[in-house]
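S.K.: sequence first, then the predicted structure, then my questions.
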Amino acid sequence: MKVESFTIDHKTLLPGIYLRKRGETYHTYDIRMFRPLSDGELESVEANGGFPDNERFLSPKTAHTLEHLLAFHLRDTLNLDSSLIYIGPMGCLTGFYIITSPELPRQKLVESLKLVFGMICEAKNIPAATSGECGNYAFNDLEGAKSVSKRLLETLF
């Protein structure tokens, strides 16, 4: 299999910040926010009524809100725009990918994420959540983003 992320044993992944690919022109980080499902886990959860919101996955609205808040605070508030290439949620909704230039050291990214998750916990609004700035501006969950950020501050840092 040539898709690198599919070759990682997801049964062993825990929440954390992982350097997934070190390249000459970019580095890819896996910001794992939730432990992936284990074999048989989904069936037992479905039998008991499912996961509560934001317990095991990002809801799509929460992921969208985190995308706005992470991009705004990392790029604008912390002035890391020249070092950031991409910030976006994983399709499985267990975390985010952040792609940086090699000039951004891992420790600087980790420290920056800690600051930003703290800012998200205090957020009163969602940056760029207007019809002129976002194609799905009403599809957000600020309280969900705050809840996930609070949990990450308690468990990752």
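M.R.: Happy to help now that I have it. Residues are numbered from 1 along each chain as shown.
S.K.: can you tell me the strand partners of the strand or helix carrying R20 and which way each runs?
M.R.: R20 is part of strand 16-22, with elements assigned from DSSP states H and E. According to DSSP bridges, strand 16-22 forms sheet pairs with strand 27-32 (antiparallel).
S.K.: pull the distance from the strand it pairs with to the chain's centre.
M.R.: From the chain centre to the centre of strand 27-32 is a distance of 9 Å (C-alpha atoms, centre = their mean, to the nearest Å).
S.K.: could you give the mean pLDDT of the strand holding R20?
M.R.: For strand 16-22, the mean per-residue pLDDT is 92.
S.K.: next one: stretch 126-145
M.R.: The average pLDDT for stretch 126-145 rounds to 97.
S.K.: so what touches the strand holding R20?
M.R.: Applying C-beta atoms under 8 Å, 6 or more residues apart in numbering, the external contacts of strand 16-22 come out as 4-5, 8, 27-32, 97, 102, 106, 109-110, 113, 156. C-beta here means a position set from N, CA and C on the backbone, and glycine is covered the same way.
S.K.: any of these buried? List them.
M.R.: When those are checked for burial by 16 or more other C-beta atoms under 10 Å, the buried set is 27-32, 97, 109, 113, 156.
S.K.: which one of the residues you listed is nearest to Y137?
M.R.: Distance to Y137 across these (C-beta to C-beta) is lowest for Y97, with 22.7 Å.
S.K.: am I right that that closest one falls within a strand?
M.R.: Yes. Counting by DSSP: H, G, I helix; E, B strand; the rest coil, Y97 falls inside a strand.
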